[in-house]
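Asker: Just to be clear, the model below is a prediction. Sequence and coordinates:
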Amino acid sequence: MNKLRQFLSAIFVKYRQLILYGIIGATSAGLDFIIYSTLCYSDVNYQIANIISTHCGIFCSFLLNRHFNFKVKDKFFKRFFSFYIIGLVGLALTWLLLFIFVEMMDMNELIAKLIAIFAVAIVQFILNKFITFKKTKKIEL
């Protein structure tokens, strides 16, 4: 049992950011999906629902990642702008995937949204890690 604990601890340390990003992403994606589902069931067009729900997910994800995962507090507006632009790239990808799945493949919009969330999350993690939350080097004189 002790070796298992050491192994899991080593894995967590090595992949801490990815694991926390996944947890935070699941939280934000859950919020996104709940809002999306609610709007779709309220007869809001699925693409309009996607725009609204994705924005809620972007804001939630930025605040949680900034505070708990990447732990960078400097340059708030610059980092938020970068995160938001990457979120908009994700929104465009999600829009395209939803269009393909719902319009062209006749898939249920809720199932299509779930698939799109997972695909887009991978792209956004990579972009945010290396662009938005890149640690700035301090120059010491």
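Answerer: Yep, it's here.
Asker: Okay, residue 100 and residue 127: tell me how far apart.
Answerer: To residue 127, residue 100 is 21 Å away according to C-beta to C-beta, to the nearest Å. The C-beta positions use only the backbone N, C-alpha and C, and glycine is treated the same way.
Asker: Between the two, which has more neighbouring residues?
Answerer: residue 127 (17 against 13; other C-beta atoms under 10 Å).
Asker: Average pLDDT for the host helix or strand of that one, rounded please.
Answerer: Under the criterion of DSSP states H and E, residue 127 resides in helix 109-127. Averaging pLDDT along helix 109-127 yields 88.
Asker: ditto for stretch 74-83
Answerer: If you average the pLDDT values across stretch 74-83, you get 85.
Asker: again with stretch 15-22
Answerer: On average, stretch 15-22 scores 82.
Asker: Kindly report the same for stretch 132-141.
Answerer: 65.
Asker: just stretch 53-60 next, same as before
Answerer: 94.
Asker: Mind listing residues that contact that stretch?
Answerer: Outside stretch 53-60, the residues that touch it by C-beta atoms under 8 Å, 6 or more residues apart in numbering are 27-29, 31-36, 39, 83-84, 87, 90-91, 94.
Asker: CA-only coordinates of that stretch in CSV, if you can.
Answerer: What follows is stretch 53-60, C-alpha atoms only, in CSV (Å, rounded to 0.1, in the frame of the first residue of the first chain):
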residue,chain,number,x,y,z
SER,A,53,-22.8,28.5,-21.9
THR,A,54,-19.3,28.6,-23.3
HIS,A,55,-18.8,32.1,-22.0
CYS,A,56,-19.9,31.0,-18.5
GLY,A,57,-17.4,28.1,-18.7
ILE,A,58,-14.6,30.4,-19.9
PHE,A,59,-15.0,32.8,-17.0
CYS,A,60,-15.3,30.0,-14.4
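Asker: check contacts around residue 21.
Answerer: Residue 21 makes contacts with 65, 69, 125, 128-129, as judged by C-beta under 8 Å, 6+ apart.
Asker: Repeat the analysis, applying 7 Å as the threshold.
Answerer: Neighbour list for residue 21: 65, 69, 125 [criterion: C-beta atoms under 7 Å, 6 or more residues apart in numbering].
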